[in-house]
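Participant: return a 3D structure for these sequence lines:
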Amino acid sequence: MNRPPQSRLILTLLSLAIASCASHEQRDAVAAVSNAATQVGNADTVELIPIIDYKERFLPVIARNGMVVGPEQLAAEVGAQILRSGGNAIDAAVATGFALAVTYPRAGNLAGGGFMLIHLADDDRETLIDYRETAPAAASRDMFLDDDGNLDKQREYFSLQSAGVPGTVAGMLYALEKYGTLTRQQVLAPAIALARNGIPVSYSLFFEISASARNLHKNPAAKRQFFQPDGAAYAVGEIWRQPDLAWTLSEISNKGVDGFYDGDVAQLITTEMASGGGLITAQDLADYRVVERQPVRGTYKDFEIVSTPPPSSGGVHIVQMLNILEGYDLQAMGHNSAAYLHHLTESMKLAYADRSVYLADPDFVNVPVTELIDKDYAEQQRSRIDSGLATPSEDIAPGKLLGGESTETTHYSVADRFGNVVSNTYTLNFSFGSGIVVPGTGMLLNNEMADFASSPGSANAYGLVQGEANKIEPGKRPLSSMSPTIVFRAGEPWLATGSPGGSVIISTVLQTTLNAMVFDMNIATAAAEPRIHHQWMPDELKMEEGFSLDTIRLLQAMGQNVDLASRTTGRTNSIMLDEGWLFGASDTRRPGGWVAGY
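Facilitator: Numbers count the residues shown, from 1 in each chain. Now for the predicted structure:
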């Protein structure tokens with residue numbers, strides 16, 4: 001039967017409504033309305049037009065074939081175009097990573113490092129590409145201490161000595177060559193064009209550069225790179241061109257790894273290092289190696305969690321906290337109730353206490369991953385939690401085992417029509433790294449050496465107390481909190497997520513996954529809900545805006561030292577995969593995020 005146009009429109013909208021609903025209950029409800037509308041259509045009448053109600057305040061972007069969710073529009077669209085042209089998720093992730101070095105300079109990078117978690121559909125397996133920076137050969141345990149044994153934070157954060165040997169270019173090209181399908185030239189061409197032809201300055205880019213102007217002006221090459229000749233930031237809407245960065249990207253496109261770690265680019269890096277007391281040498285660059293590792297795995301009820309292994313602490317502690325929380329009926333407590341938040345907080349204290357002692361580069365230290373993610377250990381830790389009273393952090397020592405990068409890290413997620421999924425987090429550490437641009441290259445240096453325990457037992461820039469295991473050693477990778485994660489349901493990838501935020505990355509990913517797994521939220525809602533953070537030391541429960549005063553008072557009555565945070569917590573970029581559909585959400589806690597899908 002040919003239905004009236006209005007009836008066909010209603011049924012089309014209802015089909016889209018069914019696809020966008022987060023829970024099976026919501027789909028069933030909308031499907032029931034759809035069936036009723038079908039019957040109305042069969043009766044050749046449209047008097048009874050149903051009201052479409054998504055029953056959600058936040059809705060994801062929907063696609064069918066491929067999706068890139070990232071912190072910036074132009075780079076996300078670059079990745080999506082790679083998918084449209086036949087590339088796979090790895091091709092798109094690499095193209096997006098290089099494009100972000102152009103369009104999102106506060107964290108996108110060539111001279112930083114990170115972790116790429118990949119689900120390979122054809123092989124039905126996951127792998128983790130570790131392209132974290134390494135300490136130069138000349139680095140030493142006490143290199144940032146002055147003659148009196150005090151930490152020199154200026155040198156640790158904002159000098160050439162603060163740079164670790166970069167891993168981003170090696171990591172991206174390793175992923176492309178081993179798991180991609182396109183050529184270097186194909187995936188790098190968009191980034192080169194953006195740098196050479198210029199990009200319109202968005203409000204968020206203008207704000208980010210302006211906010212960092214004081215630090216960037218201190219370095220002549222950075223001042224030339226990011227500002228007009230008179231020192232003013234480029235205005236919103238102006239075209240910003242980066243010819244030096246276009247040249248560096250072209251060297252990588254033409255020569256591969258050697259285009260960065262050898263030849264002219266390497267010479268410019270080592271010349272800059274020699275001019276200002278930096279440590280990275282030509283040999284350091286030549287010796288850099290990517291490490292492919294087995295991800296950390298755990299379960300939470302019917303879900304499997306696959307995440308980042310050491311030298312990131314993220315995956316270990318996400319699984320550890322989920323193991324602890326699995327012993328409680330979180331759903332019965334109610335989402336973001338005082339009882340729920342109290343148990344989350346206490347589990348965070350226990351995990352972050354363990355982080356201070358046990359986590360480091362596994363190539364240098366024996367990290368007890370198996371013991372930390374053991375369900376029996378979680379039961380032991382759970383017994384330390386008082387359900388009605390907060391345990392002071394000073395009373396929590398790292399558990400007896402059985403048997404921070406900055407807030408300016410960035411994350412993006414990719415899914416393709418072949419079933420591959422990529423969750424990638426990388427960083428320069430601080431916003432715009434050390435603020436130092438290597439002359440002639442257009443690229444900022446990282447200040448990742450600050451992620452080592454420069455003074456073991458003391459807090460780093462993000463308040464994280466770190467132990468002897470994370471001391472500075474030549475060739476070592478600093479401990480990280482980066483947590484690119486993929487959650488599986490019924491053996492299939494269901495959620496890819498991750499976040500920037502330094503020490504809050506782990507708690508952000510934990511709460512986002514719990515929102516989706518336990519409370520059946522769609523991914524946009526799961527990302528938007530207010531979050532908490534506790535990292536053991538200092539003994540403060542940071543709470544975002546959005547919690548009721550009653551909840552805050554109940555937590556305080558339990559003994560929690562509540563700090564109503566002036567800043568937001570993390571910024572996820574996530575994809576949920578369900579019944580052949582892709583649902584994307586870029587956390588609105590920061591401007592500029594984008595979901596590109598088709």
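Participant: end-to-end on stretch 515-535?
Facilitator: Criterion C-alpha to C-alpha, to the nearest Å; first-to-last residue distance in stretch 515-535 is 20 Å.
Participant: flag every buried residue along that stretch.
Facilitator: Residues 515-519, 521-529, 531-535 are the ones in stretch 515-535 that count as buried (16 or more other C-beta atoms under 10 Å). Just so you know, the C-beta spots here come from the backbone N, C-alpha and C atoms, and that holds for glycine as well.
Participant: and the pLDDT at Met1?
Facilitator: Met1 is assigned a pLDDT of 42 by the prediction.
Participant: ok, Lys400 next?
Facilitator: Reported pLDDT for Lys400: 72.
Participant: near the nearest residue to it once chain neighbours are set aside, how many other residues are there?
Facilitator: Closest residue to Lys400 apart from its sequence neighbours, by C-beta to C-beta, 6 or more residues apart in numbering: Gln380 at 8.0 Å. Neighbourhood size, Gln380 [other C-beta atoms under 10 Å]: 16.
Participant: which residues are contacting the helix or strand containing Gln380?
Facilitator: Assessed by DSSP states H and E, Gln380 sits inside helix 375-382. Applying C-beta atoms under 8 Å, 6 or more residues apart in numbering, the contact partners of helix 375-382 are Gln320, Asn323, Ile324, Glu326, Gly327, Ser347, Leu350, Glu371, Gly399, Lys400, Leu401, Leu402.
Participant: correct me, but Ala527 touches Phe583?
Facilitator: No. Ala527 is beyond contact range of Phe583, at 11.1 Å (criterion: C-beta atoms under 8 Å).
Participant: chain center to stretch 160-170, what's the gap?
Facilitator: Chain-centre distance of stretch 160-170: 19 Å, with C-alpha atoms, centre = their mean, to the nearest Å.
Participant: hey, C-alpha coordinates of it in PDB?
Facilitator: This file holds the C-alpha atoms of stretch 160-170, laid out as PDB (Å, rounded to 0.1, in the frame of the first residue of the first chain):
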ATOM      1  CA  LEU A 160      64.900  22.300  26.600                       C
ATOM      2  CA  GLN A 161      65.900  19.700  29.200                       C
ATOM      3  CA  SER A 162      62.200  19.100  29.900                       C
ATOM      4  CA  ALA A 163      61.800  17.400  26.500                       C
ATOM      5  CA  GLY A 164      61.700  13.700  26.200                       C
ATOM      6  CA  VAL A 165      62.600  12.000  22.900                       C
ATOM      7  CA  PRO A 166      59.500  12.300  20.800                       C
ATOM      8  CA  GLY A 167      57.400   9.300  19.800                       C
ATOM      9  CA  THR A 168      54.400  10.600  17.900                       C
ATOM     10  CA  VAL A 169      55.800  10.400  14.400                       C
ATOM     11  CA  ALA A 170      57.300   6.900  14.900                       C
END
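Participant: the helices in the stretch 151-300 of the chain, which residues?
Facilitator: 153-158, 168-179, 184-197, 203-211, 213-216, 220-226, 243-255, 258-261, 263-275, 282-287 (DSSP state H, counting those that start in this stretch).
Participant: tell me the angle the longest helix along the chain makes with helix 375-382.
Facilitator: Across the chain, the longest stretch assigned as helix under DSSP state H is helix 338-358. Here helix 338-358 runs at an angle of 120 degrees relative to helix 375-382 (axes from the mean of the first three to the mean of the last three C-alpha atoms, to 10 degrees).
Participant: tell me the average confidence for helix 338-358?
Facilitator: For helix 338-358, the mean confidence score works out to 96.
Participant: one more: stretch 263-278?
Facilitator: The average of the pLDDT scores along stretch 263-278 is 97.
Participant: ok, stretch 60-79 next?
Facilitator: Stretch 60-79 comes out at a mean pLDDT of 98.
Participant: go through that stretch and flag the buried ones.
Facilitator: 60-61, 63, 66-79.
Participant: of the residues you listed, which belong to helices?
Facilitator: Using DSSP H, the buried residues of stretch 60-79 in helices are Gln73, Leu74, Ala75, Ala76, Glu77, Val78, Gly79.
Participant: quick check: the farthest pair among those residues?
Facilitator: Gln73 and Gly79 (11.0 Å; C-beta to C-beta).
Participant: domain assignment for the protein?
Facilitator: Split into domains by automatic domain parsing, the chain comes to 1-55, 69-198+241-598.
Participant: looking at those domains, which one is packed in the most?
Facilitator: domain 69-198+241-598 (a mean of 22; mean count of other C-beta atoms under 10 Å).
Participant: nearest to Val306, out of the helices of the stretch 151-300 of the chain?
Facilitator: Taking the helices of the stretch 151-300 of the chain one by one with C-beta to C-beta, helix 168-179 is closest: 15.9 Å.
Participant: which other helices and strands contact the closest one?
Facilitator: Using 3 or more C-beta pairs under 8 Å, 6 or more residues apart in numbering; DSSP states H and E, the elements in contact with helix 168-179 are helix 89-103, strand 113-120, strand 125-131, helix 184-197, helix 258-261.
Participant: how far is the longest one from where the chain is centred?
Facilitator: Okay, so that is helix 89-103. 14 Å.
Participant: ok now do the closest residue to Tyr104 other than its chain neighbours, which residues does it touch?
Facilitator: What sits nearest to Tyr104 in space, not counting adjacent residues and going by C-beta to C-beta, 6+ apart, is Glu72, at 4.3 Å. The neighbours of Glu72, taking C-beta under 8 Å, 6+ apart as the test, are Leu100, Thr103, Tyr104, Gly108, Ser204, Gly592, Gly593, Trp594.
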